[in-house]
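Engineer: With the sequence up front, the predicted model follows.
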Amino acid sequence: MPALLVPTPQVSANPQRSSSLTKSVYHAEQQAKFLNLQAEVDALLEQLQTIDRQRQSQLAAVNPVCQE
């Protein structure tokens, strides 16, 4: 996965502006972490669903449903 480029805040004479830049960078980092975790969860869910389908297929092959 490519590295996320986060702009480095410039030191400002205005402390309020500097604080907002810090919060902005922090928010971007947190959002990137969240998106990475979300992608990982989606991949794991897909793996679980695949395993579940495989198990159901195997069970159906071993114990076919009796048709009357």
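Structural biologist: Alright, I've got the coordinates. Residues are numbered from 1 along each chain as shown.
Engineer: What is the burial count for residue 24?
Structural biologist: Using other C-beta atoms under 10 Å, residue 24 has 13 neighbouring residues. (C-beta placed from N, C-alpha, C; glycine too.)
Engineer: That one: which element?
Structural biologist: helix 15-62 (DSSP states H and E).
Engineer: phi, psi of residue 63?
Structural biologist: phi -120, psi 80 (degrees, to the nearest 10).
Engineer: For it, list the residues it contacts.
Structural biologist: Residues near residue 63 by C-beta atoms under 8 Å, 6 or more residues apart in numbering: none.
Engineer: Can you list the low-confidence ranges for this protein?
Structural biologist: By pLDDT under 70, the low-scoring segments of the chain are 1-16, 65-68.
Engineer: residue closest to the middle of it?
Structural biologist: In the chain, the residue lying closest to the centroid (C-alpha atoms, centre = their mean) is residue 38, at 1.9 Å.
Engineer: List the residues that contact that residue.
Structural biologist: Applying C-beta under 8 Å, 6+ apart, no residues contact residue 38.
Engineer: same question, residue 23
Structural biologist: So residue 23 contacts nothing (C-beta under 8 Å, 6+ apart).
Engineer: Next: residue 26.
Structural biologist: So residue 26 contacts nothing (C-beta under 8 Å, 6+ apart).
Engineer: Pull up the gap between it and residue 32, please.
Structural biologist: Distance from residue 26 to residue 32, counting by C-beta to C-beta, to the nearest Å: 11 Å.
Engineer: do the same with residue 52
Structural biologist: From residue 52 to residue 32 the distance is 31 Å (C-beta to C-beta).
Engineer: The two: which has the busier surroundings?
Structural biologist: Remark: of residue 52 and residue 32, residue 32 carries more neighbours, 13 against 10, as counted by other C-beta under 10 Å.
Engineer: Distance of the more buried one relative to residue 39?
Structural biologist: For residue 32 relative to residue 39 (C-beta to C-beta), the value is 11 Å.
Engineer: same deal with residue 21?
Structural biologist: Residue 21 is 27 Å from residue 39, by C-beta to C-beta.
Engineer: Residue 33 - how many residues pack around it?
Structural biologist: Residue 33 has 11 nearby residues by other C-beta under 10 Å.
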